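[1] the amino acid sequence is not available; the structure is as follows:
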Ligand SMILES: [Zn+2]
């Protein structure tokens with residue numbers, strides 16, 4: 001069983017869903033939402049296992065055939081749908097393909113479940129097609145929608161779902177869970193520290209240290225860039241990190257842009273903590289020296305301004321603003337300060 005699953009057991013969203021299940025009172029549609037990396041997909045899998053597990057005593061057992069097929073997304077009464085790798089969004093075609101699944105009855109009278117991961121990546125036509133399905137509910141079909149950004153989903157969809165929020169986990173809990181799955185103490189500390197509450201991210205890094213190394217490399221580069229503060233260096237960095245697709249494919253660079261902003265915000269928070277003398281709270285302990293130099297150089301006003309600009313940029317991008325323009329004005333602001 002994946003360690004993150006343990007944490008799902010303590011998750012309020014999980015407990016609420018289980019209560020409804022135990023009382024035979026499940027609704028038609030649920031919307032699981034939270035930041036990237038908090039474990040939404042794992043929670044969804046866990047909810048499906050609860051519905052389909054063959055164990056009679058300890059549902060979900062996590063290892064019966066059905067539980068395993070749920071994790072493989074191959075169980076017959078589930079349909080797991082997400083953006084195709086070569087597409088910018090979830091298309092109407094994908095939603096149309098749901099029709100047959102939704103119309104077919106389950107053999108044992110079990111529910112049939114549609115998972116849309118991530119529903120906020122549907123394009124307008126797909127949203128409208130889904131809305132039609134939600135308005136004419138088929139018997140025994142449950143929709144589990146996953147989303148990062150509720151602002152990208154129309155009210156009409158949200159109002160048809162019960163909301164299941166997934167939040168951040170305390171650092172100690174993440175360390176414990178990582179240790180339980182065999183990660184040695186120092187590494188568990190590091191992973192939990194960098195994941196900053198996002199347990200799904202900690203697990204991803206636990207299983208794939210390349211992604212963690214890439215992240216730390218970006219952090220190192222960002223600290224250097226902020227220190228040097230030269231337009232050309234920033235442009236090169238932005239081009240490398242955000243220009244994988246052409247500028248028209250807004251949706252595909254949006255997650256990378258938000259991730260980059262999050263990292264900038266973490267660095268900003270680290271500077272704030274150092275200025276306040278709260279050195280032990282800083283996530284990036286290994287970059288303490290570089291960060292301390294920056295913290296000493298930056299005035300309070302400049303730091304406050306930077307954090308405010310980052311938050312404004314995030315709001316703009318979440319509201320589907322142009323990613324490149326948003327970054328350019330952010331950088332112009334940063335570079336306007338003379339050192
Ligand atoms: Zn099972």
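    It's in. Nothing here was measured: the structure is a model prediction, and the numbers come from that model.
[2] stretch 255-273: how far from the chain's middle?
    15 Å (CA atoms, centre = their mean, to the nearest Å).
[3] in that stretch, what counts as buried?
    257-258, 260-273 (16 or more other CB atoms under 10 Å). For the C-beta atoms, the positions are set from N, CA and C on the backbone; glycine is no exception.
[4] which of those fall in helices?
    257-258, 260-273 (DSSP state H).
[5] determine which two of those residues are furthest apart.
    By the measure CB to CB, 257 and 273 form the most distant pair in these, at 24.7 Å.
[6] before we move on, the earlier item: can you tell me which of the ones in helices among the buried residues of stretch 255-273 is closest to residue 241?
    Using CB to CB, these come closest to residue 241 at residue 260, 6.2 Å.
[7] what residues are up against that closest one?
    Residues in contact with residue 260, defined by CB atoms under 8 Å, 6 or more residues apart in numbering, are 218, 241, 242.
[8] so which of these reach the ion?
    Among these, no residue sits close to the ion (CB under 5 Å from the ion).
[9] need the residues you listed in a markdown table (columns: secondary structure and neighbour count).
    Shown next, in a markdown table, are those (DSSP: H, G, I helix; E, B strand; the rest coil; neighbours: other CB atoms under 10 Å):
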| residue | secondary structure | neighbour count |
| --- | --- | --- |
| 218 | helix | 16 |
| 241 | helix | 17 |
| 242 | helix | 17 |
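[10] ok, of these, which one's closest to the ion?
    The shortest approach to the ion among the contacts of residue 260 belongs to residue 218, at 39.2 Å (CB to the ion).
[11] now do the contacts for that closest one.
    241, 260, 263.
[12] do you know how far the last one is from the ion?
    Applying CB to the ion, to the nearest Å, one obtains 38 Å for the distance of residue 263 from the ion.
[13] got the contact list for that residue?
    Going by CB under 8 Å, 6+ apart, the list of residues near residue 263 reads 215, 218, 219, 222.
[14] redo those residues as CSV? Include pLDDT.
    Below are the contacts of residue 263 laid out as CSV (pLDDT from 0 to 100):
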residue, pLDDT
215, 86
218, 91
219, 92
222, 94
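[15] now the residue nearest the centre of the chain: how far from residue 58?
    Centroid-nearest residue in the chain, with CA atoms, centre = their mean: residue 36, separated by 1.1 Å. Going from residue 36 to residue 58 by CB to CB, to the nearest Å gives 31 Å.
[16] cool, residue 261 as well?
    Distance from residue 261 to residue 58, by CB to CB: 42 Å.
[17] and the residue of the stretch 151-300 of the chain that's closest to the ion?
    Counting by CB to the ion, the stretch 151-300 of the chain gets nearest the ion through residue 181, at 19.5 Å.
[18] so what does that residue look like in phi/psi?
    phi -100, psi 20 (degrees, to the nearest 10).
[19] I'd say it and residue 206 touch.
    Yes - using CB atoms under 8 Å, residue 181 is in contact with residue 206, at 7.1 Å.
[20] show me which of the two is the more surrounded one.
    The neighbour count for residue 181 versus residue 206, taken as other CB atoms under 10 Å, is higher for residue 206 (22 against 15).
[21] show residues contacting the host helix or strand of residue 307.
    In this assignment (DSSP states H and E), residue 307 forms part of helix 300-318. Residues outside helix 300-318 that contact it (CB under 8 Å, 6+ apart): 149, 151-152, 254, 257-258, 261, 264-265, 268-269, 271-272, 275, 298, 323, 326-327, 329-330, 333-334, 337.
[22] change it to 7 Å
    With CB atoms under 7 Å, 6 or more residues apart in numbering as the test, helix 300-318 has contacts from 149, 151, 254, 257-258, 261, 264-265, 268, 271-272, 275, 323, 326, 330, 333-334, 337.
[23] tell me how the chain divides into domains.
    3-165, 208-335 (automatic domain parsing).
[24] tell me where the model's unsure across this protein.
    Along the chain, segments meeting pLDDT under 70 span 1-10, 106-108, 243-252, 338-339.
[25] the ion contacts on that one?
    Of all the residues in the chain, those lying near the ion are 53, 55, 61, 64, 67, going by CB under 5 Å from the ion.
[26] could I get those in a markdown table, plus columns for secondary structure?
    Shown next, in a markdown table, are these (DSSP: H, G, I helix; E, B strand; the rest coil):
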| residue | secondary structure |
| --- | --- |
| 53 | coil |
| 55 | coil |
| 61 | coil |
| 64 | coil |
| 67 | helix |
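[27] ok, residue 21 to residue 27 distance?
    Counting by CB to CB, the gap from residue 21 to residue 27 is 11 Å.
[28] then residue 116?
    Counting by CB to CB, the gap from residue 116 to residue 27 is 16 Å.
[29] out of the two, which sits in the more crowded spot?
    residue 116 (26 against 13).
[30] I'd say the more buried one and residue 153 touch.
    No - contact criterion CB atoms under 7 Å: residue 116 and residue 153 do not qualify, at 10.5 Å.
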